[in-house]
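**Q** Fold the following for me, if possible:
(chains A and B)
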Amino acid sequence: MNTNELFQIIVSHTREVLPELQDHPIQPEDRLADLGANSVDRAEIIMMTMDTLSLRIPSVELFGVNNIGELAEVLYAKLQTS
Amino acid sequence: MPNYKPADLFMTGLGVTSSIGQGVENFTAALFEGRQNFAVMQRPGRQHDSSFIGAEISDLSCPERIPAKLWRSASFAGQVAMVTLQEAWEDAKLDLADPKRIGLVIGGSNVQQRNWIELYERYRDKVSFVPPSYGVSFLDSDLCGLCTEQFGIQGFAYTAGGASASGQVAVIQAIQAVRSGQVDICIAMGALQDLSYWECQALRSLGAMGTDRYVHDPAMACRPFDQGRDGFIYGENCGVIVIERAESAEARQATRYAKVSGWAMGMDANRNPNPSYEGETRVIRQALEHAGLSAGDIDYVNPHGTGSPAGDDVELRALRDCGLAHAHVNATKSLIGHGLSAAGTVELIATVLQMRASRLHPTRNLIDPIDPSFRWVQEKEICYGINHAISLSMGFGGMNTAICLQKI
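**A** This is a model prediction of the structure:
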């Protein structure tokens, strides 16, 4: 798996939680909040992604992530060390 | 047309979702045809080395107005709540009302159990991945959240648990909210009680839910007031009733379906599931007195009538001793099963639909009534004018409610 594949996993869970984004192009620079995800939606998308990756990390470790691309990079790095 | 007092309360919007039809129109046709949809239940989370019989909703269609995001994140009980409220909302033209003057009471507690069993089973071995949204959705009040967000309700909303009387408890709370002036319009919902196999198993072990006796012919299982009954048969359903005064309804040209003429709620001071003759007679008499009626004025009784051996016996004795043996009686649960939290609301809707149609729906499987001296509506519907009706609900924990309706 590379960061792009991980990014696609996040995108697919984002579209699951926010079905209205089905045909909306999502870029690494996009922020989940700007795409319409509220705090519950964001927590849900991140948890679904960690479940898919079988990655157990405290959500506090994702603090400071600014957009979906950065989220993919941080999760990718965690995956390498887990 | 009789003159009404300004304080009189009316039903002005109806919504219903059931195993025999989604929407008032389909439900009405199904009632008079005596349709049923009983089977060994198929919905995931309903069976576990078991063959519980019940009446499940076959196809739930999502109205366009409900966004896909809300629909996806809602439990089945939540989806059915939104769909059913949508119908009553449009029926009562509530888009024209001030949302700050609209309240919502959702009758029921622990209504989403089947969803949680599925969730527990999926995440049992990976608890750290439990969906964060469960932190919101496990509360029954999430149904209030879903419905108030979707419809913009801003008056108040809460859930009211009253076991199998919850549906009537919600209507009584809605009545009180309008009477007190807290809101101008109050929506009462009997929520769909989404049982899992855990509750089915325990209810059966208690002797309340029917056995496997009719498993090879599930259509025969649900038989309120019949000698061959052996417990209630569960049914998925949900009802919504809008309550308000005439003046408020007229401002939106909303239809008044019936006047709510009397109501009563009383407890047996008994935590257990057994029925109480004293408790039932007390609420029947109080509701009649409240409505200014004598028993002889009642044309039709929509009973609780679950098919539980003790419950049906006690109810008929209470009805007889309250002077209601002359009235026509059928059993809505014989067609749709026991909706538990939903039952009280859905059965009031069934009552008002029969009142307006001057027809009484058949009672399925009432071949050999435990008390043949009542005026039963058995295998065929009958045409009959109803001016006054009473509907009863009883719940575990010694809860009794009764509501009287008057034809407009």
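
**Q** Could you measure from the closest residue in space to residue B:379 that isn't next to it in sequence over to residue B:163?
**A** Nearest-residue entry for residue B:379: residue B:362, 5.6 Å, with adjacent residues in sequence omitted and distances by Cβ to Cβ, 6 or more residues apart in numbering or on different chains. (C-beta placed from N, C-alpha, C; glycine too.) Distance of residue B:362 to residue B:163, given as Cβ to Cβ, to the nearest Å: 28 Å.

**Q** measure the residue nearest the centre of chain A to chain B for me?
**A** For chain A, the residue sitting closest to the mean C-alpha position, by Cα atoms, centre = their mean, is residue A:10 at 3.9 Å. According to Cβ to the nearest Cβ, to the nearest Å, residue A:10 stands 15 Å off from chain B.

**Q** host element of that residue?
**A** In the assignment (DSSP states H and E), residue A:10 maps to helix A:3-17.

**Q** Just the buried residues of the following helix or strand past that helix, please?
**A** Remark: after helix A:3-17, the chain's next helix or strand is helix A:39-53, criterion DSSP H and E. For helix A:39-53, a neighbour-count test (16 or more other Cβ atoms under 10 Å in any protein chain shown) marks A:40-51, A:53 as buried.

**Q** Look at the residue nearest to the centre of chain A and report its pLDDT.
**A** Confidence at residue A:10, expressed as pLDDT, is 98.

**Q** do the same with the one 3 residues further on
**A** In this model, residue A:13 is scored at 98, pLDDT.

**Q** Tell me, how many residues neighbour it?
**A** By the criterion of other Cβ atoms under 10 Å in any protein chain shown, residue A:13 has 19 neighbours.

**Q** can you pull the contacts of the spatially closest residue to residue B:368 that is not a sequence neighbour?
**A** Counting by Cβ to Cβ, 6+ apart, residue B:368 lies nearest to residue B:227, which is 4.3 Å off, once chain neighbours are set aside. Counting by Cβ atoms under 8 Å, 6 or more residues apart in numbering or on different chains, residue B:227 touches B:367-370.

**Q** what's the answer for residue B:41, then?
**A** Going by Cβ under 8 Å, 6+ apart, residue B:41 touches B:47, B:52-54, B:56, B:234.

**Q** let's see 6 Å
**A** Residue B:41 makes contact with B:52, B:54, B:56 under the criterion Cβ atoms under 6 Å, 6 or more residues apart in numbering or on different chains.

**Q** Regarding the residue in the stretch 151-300 of chain B that chain A sits nearest to, what are the backbone dihedral angles?
**A** Per Cβ to the nearest Cβ, the residue of the stretch 151-300 of chain B with the smallest distance to chain A is residue B:152, at 17.2 Å. Here is the backbone geometry of residue B:152 (degrees, to the nearest 10): phi 70, psi 20.

**Q** Could you do residue B:85 as well?
**A** Phi and psi for residue B:85, reported as degrees, to the nearest 10, are phi -70, psi -40.

**Q** before we move on, back to that, what about the residue nearest to residue B:379, helix or strand, and which?
**A** Assigned by DSSP H and E, residue B:362 belongs to no helix or strand.

**Q** tell me the pLDDT at the most centrally placed residue in chain B?
**A** Geometric centre of chain B, nearest residue: residue B:343, 2.4 Å, by Cα atoms, centre = their mean. We note a pLDDT of 98 for residue B:343 in this prediction.

**Q** And residue B:2, by the same measure?
**A** pLDDT, residue B:2: 58.

**Q** What sits closest to the residue of the stretch 151-300 of chain B closest to chain A if chain neighbours are left out?
**A** residue B:99 (4.8 Å).

**Q** Surely the residue nearest to the centre of chain A touches residue A:49?
**A** Yes. Here residue A:10 reaches residue A:49: they are 5.3 Å apart, a contact under Cβ atoms under 6 Å.

**Q** Could you export stretch B:44-52 as PDB, CA atoms only?
**A** The C-alpha coordinates for stretch B:44-52 follow below in PDB (Å, rounded to 0.1, in the frame of the first residue of the first chain):
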ATOM      1  CA  PRO B  44     -30.900  -9.700  10.400                       C
ATOM      2  CA  GLY B  45     -30.600  -9.800  14.200                       C
ATOM      3  CA  ARG B  46     -34.100 -11.300  14.700                       C
ATOM      4  CA  GLN B  47     -33.200 -15.000  15.000                       C
ATOM      5  CA  HIS B  48     -30.600 -17.100  16.800                       C
ATOM      6  CA  ASP B  49     -31.300 -20.800  16.500                       C
ATOM      7  CA  SER B  50     -34.900 -19.700  16.700                       C
ATOM      8  CA  SER B  51     -37.900 -19.200  14.500                       C
ATOM      9  CA  PHE B  52     -39.700 -16.300  16.000                       C
END
